[in-house]
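Colleague: this is the structure alone, sequence omitted:
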Ligand code: HEM
């Protein structure tokens, strides 16, 4: 009998070993299926009612302070995660970009409002890679240096316009942004913000961003709603979506068709669109339908993605200089010393202007133009810091919160970048992360630098006062939405006396 017992011992040890290993494995998995923390959801609707329609980035930052770097919520069953630290954004969106680079399904925007061929909304896959390849060919770091003469000319035009019509500074900034991107994309010269294509794009963008009705918001969660007939109750969103689609189609179609017509007549100016059309034509001159849709869609996206963001960053620069005249003065002293007063600064001067660099960084930190970036979608389940993140989670990087991770985040202190070289450069954050990082960032950065430097060199920016010596702007604030920009404000933009000779010569060359 004891001998028989001994023969069972190895088997029992083996079985016990299996049970133990399974228990450890089960404990490990279940301990790791803890979701990241977040505000308590309600049954069925989840955290829907806790998400504000405005100032989302600020509320998400408050949640970050309460729950930590990762905040997990769900909206009508759709899991969402907000990343409130640079570390988390880098670890997930950059280092694990192979699974974090999809976009959520945008039923309202892509499938109903006509943005289906837009690069910004493209699902991860071969078509996404094709769009990125198209865009990178023209907008990579080396290629954008070819646009320098265009940027410098557009800068001179803006300076001249600011001398003559300083109060219309916002229109001048819009024209600067529009003229550079439309010239590159379609070879089109824009002389005024009343240009037909500028109006088409601005109409499509503003109709798209107007707050949709509740039913419009719901269709992203219940795609079946897109089949509601237009005579049925709650179908107003569908009629509106059709109106937006007409505007988006026109925005994509009209400038594209002009390039095609010009190419057919042999008068096309080389551009992003003409170059891609040329390289995708077969020997008989025709082009595959999908290629045409991708060229048209990516081109149409470029202006929509470039104009508002560029204007918002420059508007914020002007506001910061208005509110912090001592900083403007320091930048002007540096510019006078390095560049002098006989020419405008150019990008070659950049390494010699460290204080200007600090001011430009601080402006972007103070108000990141796209505070929540664009949503990424996780393509498989993931574990991070012992938290479980389910497949299909929508992931938002809270760029606003990330840039506030520094001493006195509300204060405008450009020196912070000289005093502490461990502070992350906002240029590495405001353009998003991973494989979806903004492909227009090199153009955006050089436009921003070029114009910020030129405006600081040429103008003093001061408050507009009423008869009682009071500031005509009661408050200064930012508008809240996908783009965060200063709310409209007035200011005096006056040529600096020491720049008079240069400004006269710019005017005479116009
Ligand atoms: C200050 C100016 C700009 C800012 C702050 C900005 C910011 C951003 C951000 C945050 C994203 C989302 C990145 C992500 O998903 O992680 C993005 C995407 C994009 N941006 Fe920009 N952008 C700017 C200018 C431009 C310009 C000038 C262009 C075109 C030349 C451009 C074209 C695009 C495109 C096509 C995408 C979509 C990329 C994709 O989904 O793969 N942007 N941008």
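Modeller: Great, that's in hand. The model shown is predicted, which means the values in this text are computed figures rather than measured ones. Numbers count the residues shown, from 1 in each chain.
Colleague: when you work out contacts or count neighbours from here on, use the C-alpha atoms and nothing else.
Modeller: OK.
Colleague: for the most centrally placed residue in the chain, give me its contacts.
Modeller: Against the mean C-alpha coordinate of the chain, by CA atoms, centre = their mean, the closest residue is residue 370 at 4.6 Å. Residue 370 makes contact with 309, 399, 430, 482, 483, 484, according to CA atoms under 8 Å, 6 or more residues apart in numbering.
Colleague: apply 10 Å and report the result again.
Modeller: 57, 308-309, 312-313, 398-400, 430-432, 480-485 (CA atoms under 10 Å, 6 or more residues apart in numbering).
Colleague: before we move on, which element is it in?
Modeller: Assigned by DSSP states H and E, residue 370 belongs to no helix or strand.
Colleague: could we number from 467 for the rest of this?
Modeller: Done: numbering now begins at 467, and the last item shifts to residue 836.
Colleague: who touches stretch 807-817?
Modeller: Contact partners of stretch 807-817, identified using CA under 10 Å, 6+ apart, comprise 611, 614, 617-618, 621-622, 625, 801-802, 804-805, 819, 822-823, 912-913, 915-924, 962, 964-969, 971-972.
Colleague: average pLDDT for that stretch?
Modeller: The predicted model assigns stretch 807-817 a mean pLDDT of 96.
Colleague: ends of that stretch, how far apart?
Modeller: The first and final residues of stretch 807-817 sit 18 Å from each other (CA to CA, to the nearest Å).
Colleague: list the buried residues in that stretch.
Modeller: Neighbour counts over stretch 807-817 (16 or more other CA atoms under 10 Å) mark 807, 809, 810, 811, 812 as buried.
Colleague: near the ligand too, which of the residues you listed?
Modeller: Checked against the ligand using CA under 6 Å from any ligand atom, the buried residues of stretch 807-817 give no members in range.
Colleague: got TSV for those, with secondary structure too?
Modeller: Shown next, in TSV, are these (DSSP: H, G, I helix; E, B strand; the rest coil):
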residue	secondary structure
807	coil
809	coil
810	coil
811	coil
812	coil
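Colleague: pick out the most distant pair among the residues you listed.
Modeller: Spatially, the most separated pair among the buried residues of stretch 807-817 is 807 and 812, at 12.7 Å (CA to CA).
Colleague: pLDDT weak spots in this protein?
Modeller: Within the chain, the ranges that satisfy pLDDT under 70 run 467-478, 481, 485, 488-498, 677-682, 975-976.
Colleague: which helix is the longest one in the chain?
Modeller: In the chain, with assignment by DSSP state H, the single longest helix is helix 755-789.
Colleague: wait, does that helix make contact with the ligand?
Modeller: Yes: residues of helix 755-789 contacting the ligand under CA under 6 Å from any ligand atom: 767, 768, 771, 772, 775, 776, 779.
Colleague: now distance to residue 744 too, for the buried residues of stretch 807-817, in JSON lines please.
Modeller: Output for the buried residues of stretch 807-817, formatted as JSON lines (distance: CA to CA, whole Å):
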{"residue": "807", "distance to residue 744": "44"}
{"residue": "809", "distance to residue 744": "39"}
{"residue": "810", "distance to residue 744": "37"}
{"residue": "811", "distance to residue 744": "36"}
{"residue": "812", "distance to residue 744": "33"}
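Colleague: between those residues, which sits nearest the ligand?
Modeller: The ligand lies nearest to residue 812 out of the buried residues of stretch 807-817, by CA to the nearest ligand atom, at 18.6 Å.
Colleague: and the next helix or strand after the longest helix of the chain, what does it pack against?
Modeller: Using DSSP H and E, the helix or strand that follows helix 755-789 in sequence is helix 791-804. Judged by 3 or more CA pairs under 10 Å, 6 or more residues apart in numbering; DSSP states H and E, the packing partners of helix 791-804 are helix 755-789, helix 820-832, helix 907-924, strand 925-928.
Colleague: could you pull out the buried residues of the second one?
Modeller: Put plainly, it is helix 820-832. Using 16+ other CA under 10 Å as the test for burial, helix 820-832 gives 821, 822, 823, 824, 825, 826, 827, 828, 829, 830, 831, 832.
Colleague: the first one now?
Modeller: Residues of helix 755-789 classed as buried under the neighbour-count rule (16+ other CA under 10 Å) are 757-788.
Colleague: if I look at residue 817, how far off is the ligand?
Modeller: Distance from residue 817 to the ligand, counting by CA to the nearest ligand atom, to the nearest Å: 20 Å.
Colleague: three-state assignment of that residue?
Modeller: Residue 817 - assigned by three-state DSSP - is helix.
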